[in-house]
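need a structure here:
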Amino acid sequence: MNFHYIEMQKIKFSGFVFGLLCLQLAGCTSSLLVEATQPPAVTVKQEQWKVLVVNRYDATLLPYKQDRKVELYQKGANQAVAGAMGAVFNDSTFVLVNEDSAVAAPSPLQSPSLTAEQVRDLYSRYPCHLILTLDNLDAYMDREVETAVDEDGDKMKTAHFTLKVVTNWTLYDSTGAVLDKAALKVEDYYESRTVVSGLLAIGPAMANAGPVVNKLAVESGYRYWDRLYPQTALLHRKVHTIGPLSASLGHLYTQQWQLAIEVLLPLASNQEFKHYAKAAHNLAVAYEAVGNYEQATRWAMEAVQKGDKLAALLLQEWAASGRKKAFK
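All right, here's what the predicted structure looks like:
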């Protein structure tokens, strides 16, 4: 068979495979794993530097009759507050008010927010700029069952237990205005148990999990204060891979974001360019990766206005995570 004919068939087949790949990737898109610096979940003013931490959690209001279990939850709440106080104390930007202990202001579970009167009372006793309250704490075991089959075909089930602690926080300014509300989940592997005779394994007793609950509660307090600072996260992002954008794709795949921006910016700015909306979306992803959220928002919105679906999904994700507010 003619050599040139074979090579031409290979080229045609490669083009056909590439075309199929583009269809499979929803109109020539590809996924990236982006290490991006996210903006703070909550921002405060420079003049807001005196912080009061308040423990509003009261475990005696729980419907538990076991004293050990009630004590476990109360100690966990105390540890969460201690973690938050430690984070503030170690932060040179802020000053912790009443640093010896958290202010206790328990309230009924039906009243999750401080009233204006409570804020005024706290401020009169502890003049501050910010009030951080622990409103609630929950701890529970999550179970996942793993099934293994031995050489004889016999099945053995093992239940793996993960301990999870959820804390709820509210940050107020000195007038009582709510600056932030957050529910944080911290978890860690607890133990594994064999499932005997096909029955579900009996889970570990929460009353014995105090040390792990306390450790996770402290971590949750520190994690809350992290919300005031930018965080690095791994994000899955889709980008357009059509031919006219190929000059920028190598930079995107190798995370050379600034070079990608330099290539994409003139394409996204040129409305006579047929695919400028797709270029605008890819540009938004690049700007997000370098932490320039003002420009990321601008170009994502530009792409959405021209009907780009990937950019619409991007904006929806930002809004759902509360990050859109931080971009403005």
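
Do a quick rundown of the strands in the stretch 151-300 of the chain.
155-173, 178-195, 231-240 (DSSP state E, counting those that start in this stretch).

can the ones you listed go into CSV with extra columns for distance to residue 145, mean pLDDT and mean neighbour count?
C-beta coordinates here come from the backbone N, C-alpha and C atoms, glycine included. Formatted as CSV, the strands of the stretch 151-300 of the chain follow (distance: least, CB to CB, whole Å; pLDDT from 0 to 100; neighbours: other CB atoms under 10 Å):
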stretch, distance to residue 145, mean pLDDT, mean neighbour count
strand 155-173, 5, 94, 18
strand 178-195, 7, 94, 15
strand 231-240, 28, 90, 16
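
between those, which gets nearest to residue 31?
strand 231-240 (5.6 Å; CB to CB).

Would you list the phi and psi of residue 209?
With angles defined as degrees, to the nearest 10, residue 209 sits at phi -100, psi 20.

Check whether it really touches residue 72, as I assumed.
Yes - using CB atoms under 8 Å, residue 209 makes contact with residue 72 at a distance of 7.1 Å.

got the contact list for the residue nearest to residue 42 when sequence neighbours are not counted?
In space, and not counting its chain neighbours, residue 42 is closest to residue 180: 3.8 Å by CB to CB, 6 or more residues apart in numbering. By CB atoms under 8 Å, 6 or more residues apart in numbering, the contact list for residue 180 reads 41, 42, 169, 170, 171, 227.

what touches both of residue 209 and residue 72?
Shared contacts of residue 209 and residue 72, defined by CB under 8 Å, 6+ apart, are found at residue 139.

ok but residue 52 is inside a helix, no?
No - counting by DSSP: H, G, I helix; E, B strand; the rest coil, residue 52 is not found in a helix; it is strand.

Tell me what it is bridged to.
On the basis of DSSP bridges, residue 52 takes part in beta bridges with residue 131.

Residue 225 versus that one, what's the distance?
Using CB to CB, to the nearest Å, we find residue 52 at a distance of 14 Å from residue 225.
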